[in-house]
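Structure for the following, please:
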Amino acid sequence: MTVSDATLKILAGLATPTIANALDDVAFPGIMLGMTQMVAGTRCAGRAQTVLQVSSERGDYTSADFKVGHMIEAAAPGDIVVVDNGGRPVSTWGGLATYAAKLKGLGGLIVDGGVRDREEMIEHGFPVFARHMTPLTGRSRIKVVAIGEPITCGGVRVRAGDAIVADGSGVVCIPAEHADNVAELASRYSSDDKLAEAELAKGLTFREAMAKFTRI
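Numbering: from 1, shown residues only. Next comes the predicted model:
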């Protein structure tokens, strides 16, 4: 199962805190912990292409095991590459990979692990969210175990085709089977936020607003 283009477009226009409220309603713990926005002001939304990695000491793996190119090639334009490297502070992605991903039209990158070359990420305006920024290369330290299989990223189960939305507040995963419902609920909550803001401007107190709009 995958998320439709129409639903993805709706989710792309919503803030992660609003989506998180809707995820509570469907009882899915979809908020990834420990992911930092590496390029200020960027956000992304798209279908997940998942990658499972393992890390070890320098020289334990070969350069051929690194397979960053395979990760990029497996993702379609607009996809978000989501990497499970077990939170290890080793870079799985750098400046040239960022440029290649931007040229292909990928939507962004989420890494439960490390990345490097922040300046090039900023230069290309590519959305990257990761646990660590580190100069340490993953060559001979990282092995790609699987692409397209279910993973855990930031404590959240992610499958290829699930929806990912990331912004300055964090990263959320919306399971494909819940995407339509979450998009509808979150859109309603977003509308309530706008109504509450308008009424606050007219003199409604925040206590009154909290009572009237229960999911703001």
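
CA atoms for contacts and neighbours, from now on please.
Will do.

among the helices and strands of the chain, which one scores worst on average pLDDT?
When each helix and strand of the chain is scored by mean pLDDT, DSSP states H and E, helix 206-212 comes last, with a mean of 91.

List the buried residues of it.
Going by neighbour count (16 or more other CA atoms under 10 Å), the buried part of helix 206-212 is residue 209.

Would you check how far apart residue 100 and residue 118 are?
As judged by CA to CA, to the nearest Å, residue 100 and residue 118 stand 15 Å apart.

ok, the two, which is more surrounded?
Shown here are residue 100 and residue 118; by other CA atoms under 10 Å, residue 118 has more neighbours (19 against 14).

Tell me who's in contact with the nearest residue to that one once chain neighbours are set aside.
Excluding the flanking residues, the one nearest residue 118 by CA to CA, 6 or more residues apart in numbering is residue 38, at 6.8 Å. By CA atoms under 8 Å, 6 or more residues apart in numbering, residue 38 lies in contact with 118, 121, 127-130, 133.

For residue 202, see how far away the spatially closest residue to residue 93 that is not a sequence neighbour is.
Nearest residue to residue 93, sequence neighbours excluded (CA to CA, 6+ apart): residue 115, at 5.0 Å. Remark: distance between residue 115 and residue 202 (CA to CA) = 47 Å.

same question, residue 191
Residue 191 is 17 Å from residue 202, by CA to CA.

Comparing those two, which shows the higher neighbour count?
residue 191 (12 against 9).

Please, which helix or strand holds the more buried one?
Using DSSP states H and E, residue 191 sits in helix 179-201.

residues in contact with that helix?
Outside helix 179-201, the residues that touch it by CA under 8 Å, 6+ apart are 3, 7, 10-11, 14, 18-19, 21-23, 26, 163, 174, 206, 209, 213, 215-216.

now, which of these lie within helices?
7, 10-11, 18-19, 21-23, 206, 209 (DSSP state H).

the strands in this structure, which residues?
Per DSSP state E, the chain carries strands over the ranges 31-32, 36-37, 44-55, 80-84, 108-115, 128-133, 142-147, 151-153, 156-158, 163-167, 170-174.

Quick check: mean pLDDT of the longest one?
Throughout strand 44-55, pLDDT has a mean value of 98.

Now do it: which elements does it pack against?
On a contact count with 3 or more CA pairs under 8 Å, 6 or more residues apart in numbering; DSSP states H and E, strand 44-55 meets helix 5-12, strand 80-84, strand 142-147, strand 151-153, strand 163-167.

ok, it: who's next to it in the sheet?
Note on strand 44-55: by DSSP bridges, its sheet partners are strand 80-84 (parallel), strand 142-147 (antiparallel), strand 163-167 (antiparallel).
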